[in-house]
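Novice: Mind looking at a prediction? Sequence and model below.
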Amino acid sequence: MKKRAIAELVTGRKAVDGAGVHLVRVLGSPTVRTFDPFLMLDAFDSHNPDDYIKGFPTHPHRGIETFTYLMKGRIDHEDSLGNAGSIVDGGCQWMTAGSGILHQEMPQPSRQMLGLQLWINLPGDRKMVDPEYRDIKADMVPVVEESGARVAIVAGEYKGVAGATRGDHVDVTFLDVSLKPGALWSMETSPQETVFAYVVEGECELPGDGGVIPHRNACLFTPGDSLSLVGGGEGARFVLVSGTPLREPVAWGGPIVMNTDEELKQAFFELEDGTFIRHAPHGKSG
């Protein structure tokens, strides 16, 4: 088996988004090609509500899927499909923006706001699919306990166990992995998939002096059919994400991602003339 190694480490940069939310933009425009099909990864980690309570008021999306995973805290949300509710500890939402959706996410004061938002690109022939929203509660996420490791299968599959959800358009694996100090964890990977890890707590390393993945770093791995990681001196908690690259042109304008500049201009024109939303509300509260 060909082991994956470290191809690229990304620290990210501090940013302010929405109405004034302080976050770390780990993945973005500079990493679009190498992390394909993953467009953006924002990390939230704050004990100060002033960093995030201004939230993300109503804004549009088209051509992507957004995946919000909340480890600690609470985010209230609503959208133009008619969905409304709260994401709380261990929960997540998977939103397929498709042809267009308006939504808002408003973090609420809590002892700690700890989580991630991942943007997944949609293939060109699916960018205009009907929008969809999935609400995933913590008790819906299966957990596999192993020697020195705990693996929560949020999306996809791990060692024959199906996760809480699965992508309809891009088949994404999203695992929340906790390792004890010195614990060795291994998994098989599809050679053609993009695979990366983001370390939320502690640090981990690749066996045999393969290098260290520090706290709050994203690591893109080289191609291979297996991956092994070892928990650092204080253990580690990281998300392991994989998906097949699209290898398509990317035209990115704020919350909208299409394949061409013409498609991008059309989306913003529709926003201005009121024809952006093509669906009727049919959601639910929860």
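Specialist: Everything's here; your move.

Novice: Ramachandran angles for residue 269?
Specialist: phi -60, psi -40 (degrees, to the nearest 10).

Novice: sec struct for the closest residue to residue 281 other than its chain neighbours, please.
Specialist: Setting aside the residues directly before and after it, residue 281 is nearest to residue 82 in space (Cβ to Cβ, 6 or more residues apart in numbering), at 3.4 Å. Glycine gets a C-beta too; all of them are placed from N, C-alpha and C. Three-state secondary structure (criterion: DSSP: H, G, I helix; E, B strand; the rest coil) places residue 82 in coil.

Novice: Could you check how many residues crowd around residue 53?
Specialist: Residue crowding around residue 53 was assessed by other Cβ atoms under 10 Å; the count is 16.

Novice: pLDDT wise, what is the residue sitting nearest the centre point of the chain at?
Specialist: Centrality entry for the chain: nearest residue to the mean C-alpha point is residue 118, 2.4 Å, by Cα atoms, centre = their mean. Residue 118 carries a pLDDT value of 98.

Novice: and it, what is it in contact with?
Specialist: Taking Cβ atoms under 8 Å, 6 or more residues apart in numbering, we find residue 118 in contact with 38, 40, 41, 66, 67, 68, 69, 174, 241.

Novice: looking at it, the third one is touching residue 217, isn't it?
Specialist: No - between residue 41 and residue 217 there is no contact, the gap being 11.3 Å when judged by Cβ atoms under 8 Å.

Novice: So those two - more neighbours on which side?
Specialist: For the pair residue 41 and residue 217, the greater number of neighbours falls to residue 41 (24 against 17), based on other Cβ under 10 Å.

Novice: Tell me which residues touch that one, please.
Specialist: Residue 41 is in contact with 12, 25, 26, 27, 116, 117, 118, 119, 198, 218, counting by Cβ under 8 Å, 6+ apart.

Novice: thinking the fourth one is in contact with residue 218, fair?
Specialist: Put plainly, it is residue 27. Yes - judged on Cβ under 8 Å, residue 27 makes contact with residue 218 at a distance of 6.3 Å.

Novice: overlap in contacts of these two?
Specialist: Counting by Cβ under 8 Å, 6+ apart, the residues touching both residue 27 and residue 218 are 10, 12, 41.

Novice: so the first one touches residue 218, yeah?
Specialist: Right, the one you point to is residue 10. Yes - if you go by Cβ under 8 Å, residue 10 and residue 218 touch, sitting 4.4 Å apart.

Novice: between the two, which one's more packed in?
Specialist: It is residue 218, of residue 10 and residue 218, that has more neighbours when counted by other Cβ under 10 Å, with 24 against 19.

Novice: beta partners for that one?
Specialist: residue 10, residue 198 (DSSP bridges).

Novice: Kindly report the same for residue 6.
Specialist: Legend: beta-bridge partners of residue 6 under DSSP bridges are residue 221.

Novice: Okay, it and residue 13: tell me how far apart.
Specialist: For residue 6, the distance to residue 13 equals 20 Å [Cβ to Cβ, to the nearest Å].

Novice: Overlap of the contact sets of residue 10 and residue 218?
Specialist: Common neighbours of residue 10 and residue 218, using Cβ under 8 Å, 6+ apart, are 26, 27.

Novice: Excluding sequence neighbours, find me the nearest residue to residue 234.
Specialist: The nearest residue in space to residue 234 (Cβ to Cβ, 6+ apart) is residue 202, at 4.8 Å.

Novice: okay, how far is it across stretch 93-107, tip to tip?
Specialist: Here the two ends of stretch 93-107 are set 14 Å apart, with distance taken as Cα to Cα, to the nearest Å.

Novice: quick one: residue 184 and residue 230 touch, right?
Specialist: Yes - the pair residue 184 and residue 230 qualifies as a contact (Cβ under 8 Å) at a distance of 5.3 Å.

Novice: So those two - more neighbours on which side?
Specialist: Set side by side, residue 184 and residue 230 show unequal neighbour counts under other Cβ under 10 Å, the larger going to residue 230 at 21 against 13.

Novice: Verify the assumption that the more buried one is located in a helix.
Specialist: No - Residue 230: not assigned to a helix; according to three-state DSSP it is strand.

Novice: What separation do you get for it and residue 144?
Specialist: From residue 230 across to residue 144, the span is 18 Å (Cβ to Cβ).

Novice: again with residue 269
Specialist: Taking Cβ to Cβ, one finds residue 269 at 48 Å from residue 144.

Novice: What are the boundaries of the helices in this protein?
Specialist: Counting by DSSP state H, one finds helices in the chain at the ranges 32-35, 261-273.

Novice: Perfect, that will be all.
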